[in-house]
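Asks: Just a sequence and a predicted model for now, questions to come.
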Amino acid sequence: KAGVTQTPRYLIKTRGQQVTLSCSPISGHRSVSWYQQTPGQGLQFLFEYFSETQRNKGNFPGRFSGRQFSNSRSEMNVSTLELGDSALYLCASSRTQGGSYEQYFGPGTRLTVT
Amino acid sequence: DAKTTQPNSMESNEEEPVHLPCNHSTISGTDYIHWYRQLPSQGPEYVIHGLTSNVNNRMASLAIAEDRKSSTLILHRATLRDAAVYYCILINDYKLSFGAGTTVTVRA
């Protein structure tokens, strides 16, 4: 079974631009979560989607948004990029929501904002 | 969110067991205890999870205290490939809240 895939793997953007990251979950998984990882803040939860609905959101500004499509694929968008948005963005999928199911992470997208 | 406390780092010799402790004194009755690890330059990887009973899988064992206020991840025979940051996380619904984790170093 193919794992979680994220595209692109690396991205360089300029301050003020916007960016869209893509995540394809494992086949059959309906829950997709997004995380930001930086050296200073560690791994932080961004939001989670289940059946095209955002079920929870972390403490990030409105510049960070996402959506999920009917095939469970998900996209994350960051508008008006800031230098501090440079990070590894990780996507994880799970069969369903709930603590009894494990999450599977993709390799991440490394975003650099200059 | 219920919080977890882990030591910052641990060292082990290859082929020896590693016991990674985690304190979660504010755990609720419906919180699952999950462990993930992150190898250098990779996304986190699921290791094991449990609710009340001890659990074993091909990667590790999870020992959960009777009062559920602490747990221990056991790597039975550490290998160099087990060098990673190990995260103990409580999950009630669908949100993983990662702490700083424990950095495990394995000496050859």
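Replies: Cool, got the structure. Predicted model, so just to flag it, every value in this text is computed and none were measured. Residues are numbered from 1 along each chain as shown, chains lettered A, B, ... in the order given.

Asks: From here on, just use CA atoms for contacts and neighbour counts.
Replies: Will do.

Asks: what sits opposite the closest residue in space to A:Phe45 that isn't next to it in sequence in the beta ladder?
Replies: Excluding its sequence neighbours, the residue lying closest to A:Phe45 (C-alpha to C-alpha, 6 or more residues apart in numbering or on different chains) is A:Tyr35, at 4.6 Å. Per DSSP bridges, the residues bridged to A:Tyr35 are A:Phe45, A:Leu90.

Asks: One more: B:Ser12?
Replies: Applying DSSP bridges, one finds that B:Ser12 bridges with B:Val106.

Asks: my read: it touches B:Arg107, true?
Replies: Yes: at 6.1 Å, B:Ser12 counts as touching B:Arg107 under the criterion of C-alpha atoms under 8 Å.

Asks: Name the nearest residue to residue 8, sequence neighbours excluded.
Replies: Assuming you mean chain A. A:Thr109 (6.1 Å).

Asks: You answered for a different chain; I wanted chain B.
Replies: That would be B:Thr102: by C-alpha to C-alpha, 6+ apart, it lies 4.7 Å from B:Asn8.

Asks: so the one you found bridges to which residues?
Replies: B:Tyr86.

Asks: And the pLDDT for the residue nearest to A:Pro8?
Replies: Per-residue pLDDT puts A:Thr109 at 97.

Asks: tally of neighbours for it?
Replies: Burial measure for A:Thr109: 23 neighbouring residues, criterion other C-alpha atoms under 10 Å in any protein chain shown.

Asks: State the distance from it to A:Gln18.
Replies: 15 Å (C-alpha to C-alpha, to the nearest Å).
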